[in-house]
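Chemist: next come a sequence and a model predicted from it.
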There are 2 protein chains.
Amino acid sequence: MLSGMTSLPHPHADQIELAHVLSALGDETRLAIIGLLAQGEQDAMTCSQFLHLGSKTGLSYHLAKLREAGLVRVRPEGTKRMISLRRADLDRRFPGFLDSIIACQAARPKPGTQA
Amino acid sequence: MLSGMTSLPHPHADQIELAHVLSALGDETRLAIIGLLAQGEQDAMTCSQFLHLGSKTGLSYHLAKLREAGLVRVRPEGTKRMISLRRADLDRRFPGFLDSIIACQAARPKPGTQA
DNA sequence: CGGTTTGTTCAACGATCATTGAACAATTGA
DNA sequence: TCAATTGTTCAATGATCGTTGAACAAACCG
């Protein structure tokens, strides 16, 4: 039923701080999450799709960090959370930044991708 | 006299890690240092030129972090240290990244700059 | 030589971090 | 209703962080 209601706290685009974004990305696990969100064909993913990166609890922690820093948007949908990259907001705030990160991250061998 | 001898350990350009760079920049003081290095007309600065950002000891700590992450090059010269941004290395490794950071940082009101 | 400048090292401190496991909450589906 | 799914919260732990002050080191200047 009713799909509105952004329940979890997200910073407004204008109050996304560069230092917060940078330190949120200064962790391999979170960087990998952003990489997956960026190159995934789907624009939203669920927490469980990142389970190969760590424990359920750990992911909850890391995703909260990414959300608080303004990197991802989390929209509850049933018992799941739809997680998406805040591309437009980040591009507007820090032009070119996200793309440069993603480009470098895309060149990475992902654990679990092909042999 | 004799000016060679890079004494302090620096990562080679190829082994600069994105996550390390990001977490090094995830601190307001260090971000400010990079901003000053980037927009300064001089290509090298001494530690004492950053004293308005913190204590002598604190700066030594932060500059070591930046050096270890591969963001700056530190060249001893007499009793001073000449600190410079590793622009070329960073651009080659993470194209567009540094510029996007600097652009955002340049738009910042620097403490101590005009009234 | 002695003193000054410039910066590093060390030990300490409180704060935050990332990880773990157990317990909980909410929705879905039979 | 009962069980499974999906994810959060909490407390605990060890590690790392950023800051401080005192002591040290090295080059320079007189």
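Modeler: Arrived safely.

Chemist: get me the contact residues on chain A for DNA strand C.
Modeler: Applying C-beta under 7 Å from any atom of the strand, we find that chain A lies next to DNA strand C at A:23, A:26-27, A:29, A:54-55, A:57-58, A:61-62, A:65, A:78-79. All C-beta atoms are positioned from the backbone trio N, CA, C, and that covers glycine.

Chemist: filter those down to the buried ones.
Modeler: By neighbour count, with 16 or more other C-beta atoms under 10 Å in any protein chain shown, the residues of chain A next to DNA strand C hold A:23, A:26, A:27, A:29, A:62, A:65 as buried.

Chemist: and the two most separated of those?
Modeler: Largest separation among these by C-beta to C-beta: A:23 and A:29, giving 13.5 Å.

Chemist: next, residue A:84: phi, psi?
Modeler: As for residue A:84, its main-chain torsions (degrees, to the nearest 10) stand at phi -140, psi 150.

Chemist: who's it bridged to?
Modeler: residue A:73 (DSSP bridges).

Chemist: OK, contacts around it?
Modeler: By C-beta atoms under 8 Å, 6 or more residues apart in numbering or on different chains, residue A:84 lies in contact with A:37, A:43, A:44, A:45, A:72, A:73, A:75.

Chemist: save the residues you listed as TSV, and put in distance to residue B:16, neighbour count and pLDDT too.
Modeler: Below are the contacts of residue A:84 laid out as TSV (distance: C-beta to C-beta, whole Å; neighbours: other C-beta atoms under 10 Å in any protein chain shown; pLDDT from 0 to 100):
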residue	distance to residue B:16	neighbour count	pLDDT
A:37	24	23	97
A:43	31	11	91
A:44	32	18	96
A:45	29	19	97
A:72	26	25	98
A:73	31	18	98
A:75	36	17	96
